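Asks: Any chance you can model this:
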Amino acid sequence: QVQLVESGGGLVQAGGSLRLSCAASGRTFSSYVMGWFRQAPGKEREFVAAINWGGGRGFADSVKGRFTVSRDNSKNTVYLQMNNLKPDDTAVYYCAARFDDGSSAFTWALPGKYDYWGQGTQVTVSS
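Replies: From the prediction side, this is the model:
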């Protein structure tokens, strides 16, 4: 069982930055693909970014060049650095985890493939 707790959300002006953190319980954190998803009101949950145990990364086209994802396995924590934020980035951001079985990186973007989810943290970007 893995428990995930996100932090770092808040209100920021367009063009600003935020860093989200996701702290995970469990001794096998390094064996998991860690994903970030977001959900805006009235919209479906969408993929933002993911990182596997080896540091391989994937990003949604909408955030490429603006967001980065990293992990510190010694702290069981994954980070989402968000720069040049836009009002369209406003959403609840969720951290998710799935065992890294070597599946194609294509599957990192599929929320149904993740086994564990955090409670979410609100990010609001004002124009």
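
Asks: In the protein, where is pLDDT below threshold?
Replies: The model of the chain has pLDDT under 70 over residues 27.

Asks: so residue 117 sits right up against residue 96, yeah?
Replies: Yes: taking contact to mean CB atoms under 8 Å, the distance of 5.1 Å between residue 117 and residue 96 places them in contact. All C-beta spots, glycine's among them, are computed from the backbone N, C-alpha and C.

Asks: quick one: common contacting residues for the two?
Replies: Any residue near both residue 117 and residue 96 by CB atoms under 8 Å, 6 or more residues apart in numbering counts here, and that gives residue 4.

Asks: Give the buried residues for the stretch of helix or strand residue 20 belongs to.
Replies: Secondary structure assignment for residue 20, by DSSP states H and E: strand 18-24. Of the residues in strand 18-24, those with enough neighbours to count as buried (16 or more other CB atoms under 10 Å) are 18, 20-24.

Asks: Distance from the chain centre to stretch 4-19, please.
Replies: Its chain's C-alpha centre lies 12 Å from the corresponding centre of stretch 4-19 when counted by CA atoms, centre = their mean, to the nearest Å.

Asks: Span of that stretch from start to end?
Replies: 16 Å (CA to CA, to the nearest Å).

Asks: Between residue 117 and residue 96, which has more neighbouring residues?
Replies: Between residue 117 and residue 96, counted using other CB atoms under 10 Å, residue 96 has the larger neighbour count: 25 against 18.
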